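K.L.:
Show me the folded form of this:
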Amino acid sequence: MKSRPWGLYAIALAVLVVGLVTLGVPASTLVVAALALACPLMMMFMMSGMHGRCGGANQNAERHAASDMRDQQPTTGRR
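P.N.:
Here you go, the predicted model:
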């Protein structure tokens, strides 16, 4: 699993915010933009943590389905 450079992302974000404030963008506009981006960003972070887990659930479901099929086979001719 690759580690992500979260520190570099934080530094880049801080430089962007300081640059925008220096150029005259009101801080209230930046706060509104941050609130608007909070939901998609949280979704990206939450879903990136789930990478690879769905395959395990599918494999378990397939195993249970296969065992159910064995249980439902007729028992005639078996001892």
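
K.L.:
Can you point out the buried residues in stretch 32-46?
P.N.:
For stretch 32-46, the neighbour count (16 or more other Cβ atoms under 10 Å) marks no residue as buried. Where C-beta positions appear, they are placed from N, C-alpha and C, glycine not excepted.

K.L.:
any idea of the mean pLDDT for it?
P.N.:
On average, the pLDDT along stretch 32-46 is 87.

K.L.:
Just the C-alpha atoms of that stretch, please, in PDB.
P.N.:
Listed next in PDB are the C-alpha coordinates belonging to stretch 32-46 (Å, rounded to 0.1, in the frame of the first residue of the first chain):
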ATOM      1  CA  VAL A  32     -18.000  29.100   1.600                       C
ATOM      2  CA  ALA A  33     -15.800  27.300  -0.900                       C
ATOM      3  CA  ALA A  34     -14.400  25.100   1.800                       C
ATOM      4  CA  LEU A  35     -17.900  24.200   3.000                       C
ATOM      5  CA  ALA A  36     -19.000  23.400  -0.500                       C
ATOM      6  CA  LEU A  37     -16.000  21.100  -1.100                       C
ATOM      7  CA  ALA A  38     -16.200  19.400   2.300                       C
ATOM      8  CA  CYS A  39     -18.700  16.700   1.300                       C
ATOM      9  CA  PRO A  40     -17.000  15.500  -1.900                       C
ATOM     10  CA  LEU A  41     -13.600  15.600  -0.200                       C
ATOM     11  CA  MET A  42     -14.800  13.500   2.800                       C
ATOM     12  CA  MET A  43     -16.400  11.000   0.400                       C
ATOM     13  CA  MET A  44     -13.100  10.600  -1.500                       C
ATOM     14  CA  PHE A  45     -11.200  10.100   1.700                       C
ATOM     15  CA  MET A  46     -13.700   7.600   3.100                       C
END
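
K.L.:
Determine the set of other helices and strands touching the host helix or strand of residue 28.
P.N.:
Assigned by DSSP states H and E, residue 28 belongs to helix 27-48. With contacts taken as 3 or more Cβ pairs under 8 Å, 6 or more residues apart in numbering; DSSP states H and E, helix 27-48 sits against helix 6-22.
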